[in-house]
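> below is the sequence, then the predicted model.
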Amino acid sequence: MKKSLFNIFIIFILLFKIPSEKAKIIGEESFPVFKEDFTLKKYGFNKSDFEIENEKIKKRENLSIILSKKGISVNTIDKIVEKCKGVFDLRTMRIGRNYSFFTSNDEKELKHFVYEISKTKYVIFDLKDSLDVKTFERKTNKVLKTASGIIESSLWNSMKAKGLNTILATELSEIYAWSIDFFRLEKGDYYKIIYEELQLKETNEVVGIGEIKTVQFQHKKEDFFAFSYLQDGIESFFDEEGLSLKKPFLKAPLKFGTVTSGYSKRRYHPVLKRIKAHLGTDYGAPRGTPIMSTGDGIVTKASYGKANGRYVKIRHSGTYQTQYLHMSKFAKGIKKGVYVKQGDVIGYVGSTGLATGPHVCYRFWKNGRQVDSRKQKFPKSKKVKAKDLNDFIKHKNISLEKLNNIFIKDFS
């Protein structure tokens, strides 16, 4: 269902303990203040009826504090909080986001409080006698766009240098999670993308990325294609042969990071100070980075060991098992006997056990023997159904023609 600097783009997750709906406003981000005329237009209010104040949420502010400063009583605030239940989670309000007060010109009374959830979503708190809380979503247009670039150091850096939305880097890492090891990209690798850009209907302001339609990613001189195709009501990605890109195991348990140590029968252990087999792959990343299960399976262990620290082990079948070491903490609900799906977050990067810094040691078993996960060959994926194959081929050929029209400057 639809859904930083560290050499390669890293997704940070900030964890906050929030004791009550009134308590904290979390996070901090850049969020431009909208001009007054647009504020009125987008909320559907009549400009001549109100005096408008546009502000940003500051540190140590929450809904109670913000409304109290405008003279709203504690009793009224309690009623507003009650109205929010099932409509809007007050705990998700973030520092730096826009909010607006609408005071009537005739009665000089505060009538509405509006909070910007995102560039496309907002919530209106009706502060009149009939207290009410409603969320709204702005209409957007989907505009087809193309992007291309050559890798110099990382995919994220390439996209940033070209002024592209770096969310595209995350999207590509998910599309190719089964086929390309994004920890081992090489200088000269390149990409071509056809995707949707989301723009507000009122202003044409770019507010996000829609669906990715087609990708050509050349890695180590080999082309990896991804064609988005609707089959049986489900949009999935297939390669040029009509094989699904989804495979039994992801290439790595992190979306981005750095391989700090590979699988080896003889490696100098940085803590024990001696030569010892390292039957796994270490992925360095900041503490708190989400660790994903690389395949579907049953958690057989979620425990702590002197050497392994906090770790999770998963049985995927009678043949395969995986293990994830040195976690800072387990993800919510992860315990022995729990079923997890490929891509589910099972824990967070840490340095528990015998570790010199934050990383996850990823181990892979085949038929009871530890093997190098990056050298395993798995069965081919499911193919486009025979009844849809001709239609897919037509779709693929049209997409390939569009890709061929995307020019990469200084491309060799």
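Perfect, I can see it now.

> strands paired with the helix or strand hosting Val312, and their directions?
In the assignment (DSSP states H and E), Val312 maps to strand 309-315. For strand 309-315, sheet partners with direction are given as strand 297-305 (antiparallel), strand 320-330 (antiparallel), following DSSP bridges.

> which one of those lies closest to Gly353?
Nearest to Gly353, of all those, is strand 320-330, at 5.4 Å by C-beta to C-beta. Any C-beta I mention is one placed from the backbone N, CA and C, and that applies to glycine too.

> can you show me the helices along this structure?
Along the chain, counting by DSSP state H, helices occupy 36-43, 63-69, 74-84, 155-161, 167-175, 389-404.

> out of these, flag the one nearest Ile291.
That would be helix 167-175 among these, by C-beta to C-beta, at 14.6 Å.

> which positions within that closest one qualify as buried?
168-173, 175 (16 or more other C-beta atoms under 10 Å).

> same check on stretch 103-110?
Residues of stretch 103-110 classed as buried: 103, 110 (neighbour count, 16+ other C-beta under 10 Å).

> which residues are in contact with it?
Stretch 103-110 has contacts (C-beta atoms under 8 Å, 6 or more residues apart in numbering) with 48-53, 70-72, 101-102, 111, 127.

> of these, which belong to strands?
Using DSSP state E, the members of the contacts of stretch 103-110 that fall in strands are 50-53, 101-102, 111.

> and the average pLDDT for stretch 149-158 is what?
The predicted model assigns stretch 149-158 a mean pLDDT of 91.

> that one: which residues count as buried?
If you call a residue buried by 16+ other C-beta under 10 Å, then stretch 149-158 has these buried ones: 149-151, 154-158.

> stretch 93-103 too?
Those would be 93-95, 97-103, for stretch 93-103 by 16+ other C-beta under 10 Å.

> tabulate those residues (JSON lines), appending pLDDT and distance to Asn397.
Shown next, in JSON lines, are those (pLDDT from 0 to 100; distance: C-beta to C-beta, whole Å):
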{"residue": "Met93", "pLDDT": "92", "distance to Asn397": "49"}
{"residue": "Arg94", "pLDDT": "91", "distance to Asn397": "45"}
{"residue": "Ile95", "pLDDT": "92", "distance to Asn397": "49"}
{"residue": "Arg97", "pLDDT": "93", "distance to Asn397": "45"}
{"residue": "Asn98", "pLDDT": "92", "distance to Asn397": "46"}
{"residue": "Tyr99", "pLDDT": "93", "distance to Asn397": "50"}
{"residue": "Ser100", "pLDDT": "91", "distance to Asn397": "50"}
{"residue": "Phe101", "pLDDT": "91", "distance to Asn397": "56"}
{"residue": "Phe102", "pLDDT": "91", "distance to Asn397": "54"}
{"residue": "Thr103", "pLDDT": "90", "distance to Asn397": "60"}
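
> so which of these is the closest to Tyr304?
For the buried residues of stretch 93-103, the nearest to Tyr304 is Arg94 (33.8 Å; C-beta to C-beta).

> in this structure that closest one contacts Lys58, no?
No - counting by C-beta atoms under 8 Å, Arg94 does not reach Lys58; the two are 11.2 Å apart.

> with respect to Asn204, which of the ones in strands among the contacts of stretch 103-110 is nearest?
Set against Asn204, the nearest of the ones in strands among the contacts of stretch 103-110 by C-beta to C-beta is Ile52 (22.8 Å).

> for the closest one, name its beta-bridge partners.
Beta-bridge partners, per DSSP bridges, of Ile52: Phe102.

> does it touch Phe101 like I think?
Yes - in this structure Ile52 lies within contact range of Phe101 using C-beta under 8 Å: 7.0 Å.

> the residue of the chain most remote from its centre and Lys70: what is the separation?
The C-alpha centroid of the chain is most remote from Asp106, which lies 46.3 Å away (C-alpha atoms, centre = their mean). Distance of Asp106 to Lys70, computed by C-beta to C-beta, to the nearest Å: 18 Å.

> can you pull out the low-pLDDT segments for the stretch 151-300 of the chain?
265-276 (pLDDT under 70).

> repeat the analysis, applying 80 as the threshold.
Along the stretch 151-300 of the chain, segments meeting pLDDT under 80 span 183, 202, 256-257, 262-278.

> could you pull out the strands for it?
Counting by DSSP state E, counting those that start in this stretch, one finds strands in the stretch 151-300 of the chain at the ranges 190-200, 206-219, 222-231, 234-238, 258-261, 264-269, 274-278, 281-284, 290-292, 297-305.

> kindly present these as TSV, with separate columns for distance to Arg363 and mean neighbour count.
Below are the strands of the stretch 151-300 of the chain laid out as TSV (distance: least, C-beta to C-beta, whole Å; neighbours: other C-beta atoms under 10 Å):
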stretch	distance to Arg363	mean neighbour count
strand 190-200	31	20
strand 206-219	25	19
strand 222-231	26	17
strand 234-238	28	16
strand 258-261	12	16
strand 264-269	13	12
strand 274-278	10	13
strand 281-284	8	22
strand 290-292	13	22
strand 297-305	12	17
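
> what about Ser244, how many residues close to it?
Counted by other C-beta atoms under 10 Å, the residues lying close to Ser244 total 17.

> against Lys220, how distant is the residue lying closest to it once chain neighbours are set aside?
Distance criterion C-beta to C-beta, 6 or more residues apart in numbering; nearest residue to Ser244, sequence neighbours excluded, is Ser381 at 4.1 Å. The gap separating Ser381 from Lys220 is 20 Å, by C-beta to C-beta.

> who are the contact partners of Leu67?
76-77, 80, 113.

> quick one, which of those are buried?
Buried subset of the contacts of Leu67 (neighbour count, 16+ other C-beta under 10 Å): 77, 80, 113.

> if I pick the first one, what's in contact with it?
So that's Ile77. With C-beta under 8 Å, 6+ apart, Ile77 has these contacts: 22, 63-64, 67-68.

> make a PyMOL selection of the buried ones in these.
Buried residues among those (16+ other C-beta under 10 Å), as a PyMOL selection:
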select buried, resi 63+64+67
